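> curious how this folds, go ahead:
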Amino acid sequence: MRWVTVATEQGPRACGVWQGRYVDVNAADSRLPSSVKGLLALNGDDQRAARGAVERGTTSYNPGASRLLAPVPDPQKIICIGLNYRDHAEESGMPVPSEPVLFSKYPSALIGHGAPIVLPSVSNEVDYEAEMVVVVGRGGRFIPVEKAMEHVGGYAVGHDVSARDWQLNKPGKQWMAGKTFDTFAPIGPELVTTDEVADPHKLGIRLRLNGQTMQDSNTNQLIFSINQLVAYLSGIVTLEPGDLIFTGTPPGVGMARKPQVWLKPGDVVEVEIDGLGVLRNPVVAEKAPG
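Numbering: from 1, shown residues only. Purely as a prediction, here's the structure:
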């Protein structure tokens, strides 16, 4: 199943993608949640019921006329992994890490497919980073590696937008600040459940800037696998349904290019992952306050 969150006059609505429409699952069965996070928390029987409700549902939205939010617009946590592609570590001149490198974003950074990435007026070096996002299904703490994939609810295309001047050049290096400006976490268009992805460790991942391919790699380059990441993170925090894990970016980022490439107003960024879809976002300048 593929889930989306549609912005409606009634608020965000969880919808299944079915026969070219976005079918409102709660409208089809009022016993079911109206949020994707709520759907992820259901047990197996109730999740199957949700899929059946989508197939029977009559309240739907036209994709061409709908505004999509991030598939999970209200996660409790957004955890990100740095330097998790072997080819990107080589590009950055950094040693392959022995443990995952962690940082976080706030939910206020989330935007959906088609929404604009806003360039902060206080940054002159905003970079792009294509990423696969793992969405937690069943939560837990101290999850063993061999059971970790049972806790994955699905996958989505993500974009880790990064203000490099804040991340790397501020006193003490402000990773959190540089990574979590508003709009710096585009995700979408859809959440694809695990049953539709044969092997998440063998997916082509690409980023195009104004139609030019800037990043082109494969998730087989991940240093730490999804099951390793889920197990590692659950040893630090309790993972909850709907939590988002950005799994790292491949080579080709703007910072590593000669000359360097920074996002500018008028750009259009597309991130594509095989089987998961294409996430497209325009880039705009921040409006002056007032």
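> who's in contact with T59?
Contact analysis of T59 by Cβ atoms under 8 Å, 6 or more residues apart in numbering lists 23-24, 27-28. Where you see a C-beta, it was placed from the backbone N, CA and C, and this is true even at glycine.
> distance of it relative to L191?
For T59, the distance to L191 equals 20 Å [Cβ to Cβ, to the nearest Å].
> E131 and V253 touch, don't they?
No: in this structure E131 lies outside contact range of V253 using Cβ atoms under 8 Å: 11.1 Å.
> higher neighbour count, these two?
E131 (29 against 23; other Cβ atoms under 10 Å).
> how about the more buried one, phi and psi?
E131 has phi and psi values of phi -150, psi 150 when expressed as degrees, to the nearest 10.
> what's the spacing between it and V269?
12 Å.
> what do you get for V136?
Remark: distance between V136 and V269 (Cβ to Cβ) = 26 Å.
> what does G137 give?
Distance, G137 to V269, using Cβ to Cβ: 28 Å.
> do P116 as well
According to Cβ to Cβ, P116 and V269 sit 10 Å apart.
> now for E131 and V269: what residues contact both?
With Cβ under 8 Å, 6+ apart as the test, E131 and V269 both reach H159.
> next, G20: phi, psi?
Main-chain torsions, G20, degrees, to the nearest 10: phi 80, psi 10.
> go on, D165?
Phi and psi for D165, reported as degrees, to the nearest 10, are phi -70, psi -30.
> and it, how far is that from V54?
Distance from D165 to V54, by Cβ to Cβ: 45 Å.
> which of those two has more neighbours?
Using other Cβ under 10 Å as the criterion, D165 and V54 rank with V54 on top: 26 against 18.
> helix, strand, or coil at that one?
helix (DSSP: H, G, I helix; E, B strand; the rest coil).
> report the contact partners of it.
By Cβ under 8 Å, 6+ apart, the neighbours of V54 are 1, 15-16, 18, 23, 25, 28.
> filter those down to the ones in strands?
15-16, 18, 23 (DSSP state E).
> most neighbours among those residues, which one?
Most neighbours among the ones in strands among the contacts of V54, by other Cβ under 10 Å: C15, with 31 neighbours.
> could you tell me which residues make contact with the residue nearest to that one when sequence neighbours are not counted?
Spatial nearest neighbour of C15, chain neighbours left out: Y22 (3.8 Å); criterion: Cβ to Cβ, 6 or more residues apart in numbering. With contact set as Cβ under 8 Å, 6+ apart, Y22 has these partners: 4, 6, 15-16, 60-63, 66.
> and what of I143?
151, 230-231, 234, 239.
> who touches stretch 204-212?
By Cβ under 8 Å, 6+ apart, the residues outside stretch 204-212 that reach it are 128-132, 159, 213-219, 250, 252, 261, 263, 267-274.
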